[in-house]
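Student: take this sequence and fold it.
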Amino acid sequence: MLVAPLFDPGALEQEVSVIDAEYRLLMTDAQTLCDAAQLYLFDGAPALRRFQVGSRAAFGPDLPSLRQALRDFHQRYYHAGHMTLALQGPQPPAELRTLAERCCACLPPSRAVIPAAGLRLTARGDAGLHAAGPPRLRLSFALNDPYRHDDGWPGVFRVLLTDEADGGLMAWLREHASCDGVRFIDSWRGAGAAIVAAEFTLAAADPALGARVESAFFGWLDQLCALSVRQLRHYARLAWRRFDGQTPLDQLRQLAFAPPAPPRIDVRAWRRWLLAFRREGLSRLWISEQEAETPIRTRGFDLRLAPFAPVAVADPPPTLRFHAGRFPLLSTPGFYPEELSAPPPLKRGPDSCRTMPVKPGPDSRCPTPLSSGENSVRRSTFRPVADAGCPPRFHSLPSRFSRPVTLSHIAASGTAVLTLSPAPGGFLGEVTGHVLQAALRAPAANLAHGGGELRIEKQQGVWLLQLSADNAMLPSVLEMISARLQTLPTAAISQGQRAWRHEWRRERGDIPVRRLLSRLPRWLSEKSRAYDGAALQPQTENHWQAVLYGGGAGLRQRLARSLQHFPSILASPVLPVTATASASVDKYPLTAVSSRAAESPMAATSACSRFPAAAPVPAPAGTPAARHTLRQREGDNALILFCPEPGGDMDARLAWRLLALIYQPLFFQQLRVEQNIGYVVHCVFHHTAWRSGVLFALQSPHLGGDALHQRTLAFLQQMEQRLADMPSALLAERRATLWGC
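Tutor: As a prediction, the model looks like this:
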């Protein structure tokens, strides 16, 4: 592909169609528009405004000319002097180098490359952008020469900026109901210069609120210059720990540009790097849903910009706190032992269920959480809150214990990990999950400074509370969490509701296939399917289950006692998940989803009934198919077809995983390469909302939901004969690949 691409005319024509469809999709993507507007506000490099996406109009109708232009581009740039290969693996450095030399031996040798002149970027001013989503203030800075010499400081800066611990910038902003979140954006790089930004999600679309956030941010910047070597070293360790928790591919991408933190802490270099963050070089981008009347075209996108005049405020800068290690969580007496070891991070693998404690074995990538164990204690109730078009009302309740908590234990070496989640089949509402995140955000950050980790996040469609800490402090942390959740502060409830509204808005503006995938866990939940969207009904209680991975019998007993105080958290009327039309077909256990403007609901049909005898699919009694439709005004059409495994035993799951492994390349080859239905063609073994199965996902700019469904079924029908004719050696190879995953 790199040395001698074919540039086949038919393949070029297909790619032009796909790129054009992607471009039309990006024209309405809020994040893309924000990034284009940010770069528009800087001068100093033509590439800041150059069209870099591609479209059918930009490529032109003359296919031979396009092919020749591609050949010229390839000959000019695709040689060793313009390319860098980054490898990451368990092999020793010498072996990695041998692999690299072997892979690159066929590349054209380096030719003379004229080094690019150093850039000097300058900010042009401020602007307001009309874009969907929550109100945001993006403060952008041009980093010129210092950026080239101090690689690694952006990673430390990111950790400092996003630190949610008590006494920090974000804790102060949340306490004053000003900000709901922040992120560090590394936007653009080139010839020794870069553009970075701090983007704050505001609690309201009020410019005065944005001015107070900006004032607090610059006060925080001033205090960063006073950080000691010990403090910088501590935040650098946190940056490396965050890096260790990434997937190998994300690690490789980051290392290809810069290390997560400097290899050596130099306070003078840190202060020199911070000089770029000054008001004189600042560009403000105010992002809101307010109308703007000035159309600007840049980077191929039409932006709706308006002048933005920042509001002047005279707030004194807050006095903030920075840390160098241990951090006291609330006022828990004797929380920290004399010596505190830092546990390794909870890994984020490509399959998110790796973060859950699992049974060892060939199917550990998609485990079923354990529900039985040796210890049981009385447990609290948890009433979930489902989504709706308006936020529900919350009431803090005293602890009530209607069913014992089951604490399962998996013996393992290393740092102990405790996972709390709804029992299998349970459904924890989106708003409830976000409120939990808000209530425990500061304790989680505090714990990170002490070497532990607390996560409240949704994995595979299920909200989890996952805790990792030193064995001596784990029960105390659990007690602290229980105390924090006994009575939820109003601020946490408000923050959780806003976070849910922001996510709901983002989901509505996302590409169709992602909208469908985000809705799938709710549609699969029995509790969420019980509502017809017409009336409110009481919902049954949802109970917690707990799994301890690692630790000894003594720790297990202490945690079992601590779980007796885990509270009932929220209760409210349960509102309908969605008011969209739905229907059932009672023959096969499928879930199908389509998305298209003004399209009638699509029925899930009998594709799975034709699977080979090696993977039977009898429809379990009482497990009907379901169909759901999302509507949108314009854009692409999308389909996801989810085929759950027929049973819960290991043989059925392995058979389903083997089918997904066989289907995956063939499905892509047939529908993406040969039929060119669009740029999303995906088949994978999928685990979500306590269900596992084969998932097919398609998105097309020119085919409707019914057509996508029929082509998927046609593929499965063809696979019936193909599976029957598959040589035993090839099947054994696929099985060996599965066991090696």
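Student: which residues in the stretch 251-400 of the chain form strands?
Tutor: Under the criterion DSSP state E, counting those that start in this stretch, the stretch 251-400 of the chain contains strands at 282-288, 294-298, 301-306, 375-379, 381-382, 395-396.
Student: quick one: distance of stretch 187-195 to the chain centre.
Tutor: 25 Å (C-alpha atoms, centre = their mean, to the nearest Å).
Student: that one: which residues count as buried?
Tutor: Within stretch 187-195, the residues that count as buried by 16 or more other C-beta atoms under 10 Å are Ser187, Trp188, Arg189, Ala191, Gly192, Ala193, Ala194, Ile195. Backbone N, C-alpha and C define where each C-beta goes, glycine included.
Student: please apply the same query to stretch 705-715.
Tutor: With burial defined by 16+ other C-beta under 10 Å, the residues of stretch 705-715 counted as buried are Gly705, Asp706, Leu708, His709, Arg711, Thr712, Leu713, Phe715.
Student: tell me the SS of the fourth one?
Tutor: Pointing back at His709 there. Three-state assignment for His709 (DSSP: H, G, I helix; E, B strand; the rest coil): helix.
Student: wait, it sits on Leu639?
Tutor: Yes: between His709 and Leu639 there is a contact at 5.7 Å, judged by C-beta atoms under 8 Å.
Student: how near is Thr247 to Phe217?
Tutor: 31 Å (C-beta to C-beta, to the nearest Å).
Student: need the mean per-residue confidence for the lengthiest strand in the chain.
Tutor: Counting by DSSP state E, the longest strand found in the chain is strand 179-190. Averaging the model's pLDDT scores along strand 179-190 yields 92.
Student: average pLDDT for the following helix or strand past it?
Tutor: Under the assignment DSSP states H and E, the closest C-terminal helix or strand after strand 179-190 is strand 193-202. When pLDDT is averaged along strand 193-202, the result is 94.
Student: and the next helix or strand past strand 193-202?
Tutor: Per DSSP H and E, the first helix or strand lying C-terminal to strand 193-202 is helix 207-224.
Student: coming back round to it: Thr247 and Phe217: which is more packed in?
Tutor: Per other C-beta atoms under 10 Å, whichever of Thr247 and Phe217 has more neighbours is Phe217, with 20 against 14.
Student: quick one on the thing from earlier: tell me the one of the buried residues of stretch 187-195 nearest His628?
Tutor: In terms of C-beta to C-beta, no member of these lies closer to His628 than Ser187, at 37.2 Å.
Student: which one in this structure is furthest away from the centre?
Tutor: Computed with C-alpha atoms, centre = their mean, the residue of the chain farthest from its C-alpha average is Ala112, at 41.3 Å.
Student: helix, strand, or coil at it?
Tutor: coil.
Student: nearest spatial neighbour of it, skipping sequence neighbours?
Tutor: Once flanking residues are discounted, Ala112 sits nearest to Gly81: 7.6 Å by C-beta to C-beta, 6 or more residues apart in numbering.
Student: next: Asn471.
Tutor: The nearest residue in space to Asn471 (C-beta to C-beta, 6+ apart) is Leu555, at 5.2 Å.
Student: which SS state does that neighbour fall under?
Tutor: helix.
Student: any idea how far it lies from Met480?
Tutor: Counting by C-beta to C-beta, the gap from Leu555 to Met480 is 16 Å.
Student: then Gly554?
Tutor: 20 Å.
Student: so between those two, which is more surrounded?
Tutor: Met480 (22 against 10).
Student: wait, isn't the more buried one in contact with Pro443?
Tutor: Yes: assessed by C-beta under 8 Å, Met480 is found in contact with Pro443 at 6.5 Å.
Student: ok, which stretches of the stretch 251-400 of the chain are helices?
Tutor: 267-274 (DSSP state H, counting those that start in this stretch).
Student: and Leu25, what element?
Tutor: Assigned by DSSP H and E, Leu25 falls within helix 9-26.
Student: wait, Ile265 sits on Leu232?
Tutor: Yes: Ile265 is in contact with Leu232 according to C-beta under 8 Å; the separation is 4.9 Å.
Student: pick out whichever of the two has more residues nearby.
Tutor: Applying other C-beta under 10 Å to Ile265 and Leu232 shows that Leu232 carries more neighbours, namely 23 against 20.
Student: let me see the contact set for that one.
Tutor: Val156, Ile265, Val267, Trp270 (C-beta atoms under 8 Å, 6 or more residues apart in numbering).
Student: any chance of those in a markdown table with pLDDT and distance to Ala499 as columns?
Tutor: Output for the contacts of Leu232, formatted as a markdown table (pLDDT from 0 to 100; distance: C-beta to C-beta, whole Å):
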| residue | pLDDT | distance to Ala499 |
| --- | --- | --- |
| Val156 | 96 | 26 |
| Ile265 | 94 | 35 |
| Val267 | 94 | 36 |
| Trp270 | 94 | 32 |
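Student: give me the buried entries from the residues you listed.
Tutor: For those, buried by 16+ other C-beta under 10 Å: Val156, Ile265, Trp270.
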